[in-house]
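Colleague: Prediction below, plus the sequence it came from.
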Amino acid sequence: MKELQALVRDIPNFPKEGIIFKDITPLLRDPNSFGKVVDEIAGKFSRKKVDLVACVEARGFILGGAIAYRLGAGLVPVRKKGKLPYRTKRITYALEYGEDTLEIHEDAIHEGEKVLIVDDLLATGGTAAAVVELVRSLGGRVVGVVFLVELSFLKGRERLKGYPVSSLLSF
């Protein structure tokens, strides 16, 4: 994993002063590294019989689509307010530096379906906790919440207690 971690670059003061953004685009650019990430994550859940992968806008889409394909699962996009064309269920939640709203199509998940939630980064856990709540509100069973990068010093896992949480890279 050290070779993958080396491909994540720090961008100081983005998106605002005092934040160090973890840029995964160099890792995604390398086909071997991108493939390794997808295979590692999918491998952890291959025996869980995942029905759906719920991925979070925007960088979660990149990973989620490939992981869903690898698992033979469907894909459910979780998007920012106003981006989905059909009737939605929504949740507003606090971010590290503000507030946001996420939406999911109201028919995206059926009662009892096993859902893997995928995003690129776990920081304070607010976004992931909101997605868990959306999935559960539609009757989905969360089988895991997985991230490429975790900023462990922000203790985001604490907001996801009771759910299997994993990440490939930790800073």
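Modeller: Structure's in. What do you need?

Colleague: the helices in this protein, which residues?
Modeller: Counting by DSSP state H, the chain has helices at residues 2-5, 25-29, 31-45, 59-71, 126-137.

Colleague: Who is the residue nearest in space to the middle of the chain paired with across the strands?
Modeller: Centroid check for the chain by C-alpha atoms, centre = their mean gives Asp119 as the closest residue, at 1.5 Å. Per DSSP bridges, the residues bridged to Asp119 are Phe147.

Colleague: isn't it right up against Glu57?
Modeller: No - using C-beta atoms under 8 Å, Asp119 makes no contact with Glu57, being 9.3 Å away. The C-beta positions use only the backbone N, C-alpha and C, and glycine is treated the same way.

Colleague: and Glu57, how many neighbours?
Modeller: Glu57 is flanked by 18 other residues according to other C-beta atoms under 10 Å.

Colleague: Then Glu133?
Modeller: Glu133 has 14 neighbouring residues, counting by other C-beta under 10 Å.

Colleague: Leu28 now?
Modeller: 17.

Colleague: likewise Glu3?
Modeller: Neighbour number of Glu3 under other C-beta under 10 Å is 11.

Colleague: go on, Phe14?
Modeller: For Phe14, using other C-beta under 10 Å, the count is 11.

Colleague: Could you find the closest non-adjacent residue to it?
Modeller: Phe21 (4.2 Å; C-beta to C-beta, 6 or more residues apart in numbering).

Colleague: now that neighbour: how far from Arg141?
Modeller: 33 Å (C-beta to C-beta, to the nearest Å).
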